[in-house]
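Asker: Prediction below, plus the sequence it came from.
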Amino acid sequence: MEEPRNYIESGILEQYVLDQLSDQEKVKVEEMAEKFPEIKQEIADIEFFLEKYATHHAVSPSNNLEDKILVKLREANITTSHLPKKEAHIVKLNPNEDQSKIRNLRIMLAASIALLIPACIALYSAHNELGLAKDQIASLSLDKEKFTSTVSQITKDNSYLNQLLEMKQDPNWKTVNLASTKSDAQSKMTVYWHTTGKQVMMDNSKMSLPANDSTHQYQLWALVNGKPVDLGVFDVKPDTTQILIAMKDISSANAFAVSLEKRGGNVTPTGDQILLMGGV
Amino acid sequence: MAPTKKISLPEEELVRKLKSKDTTAIEALYNMYSAALLGIISRIIQHDEIAEDLLQETFIRIWNSSDSYDNSKGRLFTWMMNIARNISIDKLRSKDFRNANKNQGIENNVDFIDAQREITFNADTLGLKDMVTALKPEFKIVLDMVYFKGYTHVEAAEELELPLGTVKTRIRMAIIELRKHFN
């Protein structure tokens, strides 16, 4: 029985009890202890005497330490009995949380994109509609201008027509129809003359004269006791809208005549240029 | 002094209760071993408050890792003692402790052993004088370095400038002397 004794005396059992051996070495010692009862006994002795040694070096803890430890243990007990579940939960929950965060972020991203697309479409169509609206506004304002000018024209026309109506109802207004002096011409004109008020008005709506060129103008004359009196010049344009044109006043007249003169008119009518004539 | 036989039976019951998470086991263990464990801890960590914290930690670890105790491989106390020593050595070697106790680093532990002995005399006088005189100083210092200071055999050999074989032998001799003393 040399082997166990040498083994015991090597001091490895003390190392074993003092937890100074590697796991492999421990296993070896345990194998030896199983094999040799005296080794097992020696280990038990070492343990026992080291415990005695510790007991003799004992230091009493503070009085309240036991309670503190017991409280801690009861907490730990609750924790240990619940910890595995809780930990499993926490371990599971964290990745889940991350995953759900990621999932939420993905959903949010998808939602953002989903919202962004219609927003872009809406913006684009709004831009288009705005352009359309601008065009419409431009065309409407053009229409409005046209309308305004039409209205002002109609207003003007209306005032002339009213004036005409008054003139017709007023017996002092004489209507003088001027006819062409040339047998082949279709020219004609109407002049209104207020016998007491002396005013002379030409009716454009009833005028039929060829348009004059830029170097000539028509001139209206009153024939007073055989003598022509200038009543002013006028132009005939195809786009003339004015109905009534006021000419110079005349207190008395036997007839009215129109001649084509040089621009600005003449003092006396050029004889062969008298185109229209009408007696009062 | 409680004889071995009387402890052995309750120990089986203690282990059974401990493994079945019965807190009365901890109460019994505390009453029986807290002072012995604190004796070990407070020699490794010479700071009363921290040592008590570590004792608390030791009991919590005893409680939580009771499954790992195999009574066929050794005494319950040996298992608890090694838990206490490991916790204390971890603390001793931790940065925060070393920073807080620079003058009490592992290099200086030997100097503290004697001083600690003085405290031990005061703290626990029962049978101590006998034991101290029973152990030859050269054996005691090696045993204390390993048992109470957390030195490995190799570290103790380096610290004491002794061959590793001599350290092992001296620890063995210390145990033999303890055996003589307690018997």
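Answerer: Yep, that arrived.
Asker: drop to CA atoms for contacts and neighbour counts, all remaining ones
Answerer: OK.
Asker: so where does the closest residue to B:Met80 other than its chain neighbours fall, helix or strand?
Answerer: The shortest distance from B:Met80 to any non-neighbouring residue, by CA to CA, 6 or more residues apart in numbering or on different chains, is to B:Ile62 (6.7 Å). In this structure, B:Ile62 sits in helix B:48-64 according to DSSP states H and E.
Asker: for the very next helix or strand once past that helix, what is the average pLDDT?
Answerer: Counting by DSSP H and E, the next helix or strand C-terminal to helix B:48-64 is helix B:76-93. Rounded to a whole number, the mean pLDDT of helix B:76-93 is 89.
Asker: The nearest residue to B:Ile83 once chain neighbours are set aside - how many residues pack around it?
Answerer: Leaving aside its sequence neighbours, B:Ile83 sits nearest to B:Thr58 (CA to CA, 6+ apart; 6.4 Å). Using other CA atoms under 10 Å in any protein chain shown, B:Thr58 has 26 other residues around it.
Asker: try B:Glu49
Answerer: 13.
Asker: Local confidence estimate at it?
Answerer: Value for B:Glu49, per-residue pLDDT: 89.
Asker: The one 5 residues further on now?
Answerer: What the model reports for B:Leu54 is a pLDDT of 92.
Asker: Could you measure from the residue nearest to B:Met80 over to chain A?
Answerer: Separation of B:Ile62 from chain A (CA to the nearest CA, to the nearest Å): 10 Å.
Asker: Can you check the pLDDT for that residue?
Answerer: pLDDT at B:Ile62 comes out at 90.
Asker: one step back: so who does the residue nearest to B:Ile83 touch?
Answerer: Contacts for B:Thr58 (CA atoms under 8 Å, 6 or more residues apart in numbering or on different chains) come out as B:80, B:83-84, B:87.
Asker: can we see that at 7 Å?
Answerer: B:83-84, B:87 (CA atoms under 7 Å, 6 or more residues apart in numbering or on different chains).
Asker: Between the residues you listed, which sits nearest chain A?
Answerer: B:Ile83 (9.7 Å; CA to the nearest CA).
Asker: separation between that closest one and A:Leu142?
Answerer: Distance, B:Ile83 to A:Leu142, by CA to CA, to the nearest Å: 100 Å.
Asker: what's the answer for B:Met81, then?
Answerer: For B:Met81, the distance to A:Leu142 - CA to CA - is 106 Å.
Asker: And for B:Asn71?
Answerer: For B:Asn71 relative to A:Leu142 (CA to CA), the value is 109 Å.
Asker: One more: B:Asp67?
Answerer: 98 Å.
Asker: neighbour count winner among B:Ile83 and A:Leu142?
Answerer: Taking neighbours as other CA under 10 Å, B:Ile83 and A:Leu142 compare with B:Ile83 leading, 21 against 12.
Asker: Roughly how far does the more buried one sit from A:Leu276?
Answerer: B:Ile83 is 142 Å from A:Leu276, by CA to CA.
Asker: Would you mind listing what in the stretch 51-200 of chain A touches chain B?
Answerer: A:51, A:54-61, A:69, A:73 (CA under 7 Å from any CA of the partner chain).
Asker: got the contacts of B:Thr58 as a markdown table, with distance to B:Lys149 columns?
Answerer: Shown next, in a markdown table, are the contacts of B:Thr58 (distance: CA to CA, whole Å):
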| residue | distance to B:Lys149 |
| --- | --- |
| B:Ile83 | 14 |
| B:Ala84 | 12 |
| B:Ile87 | 12 |
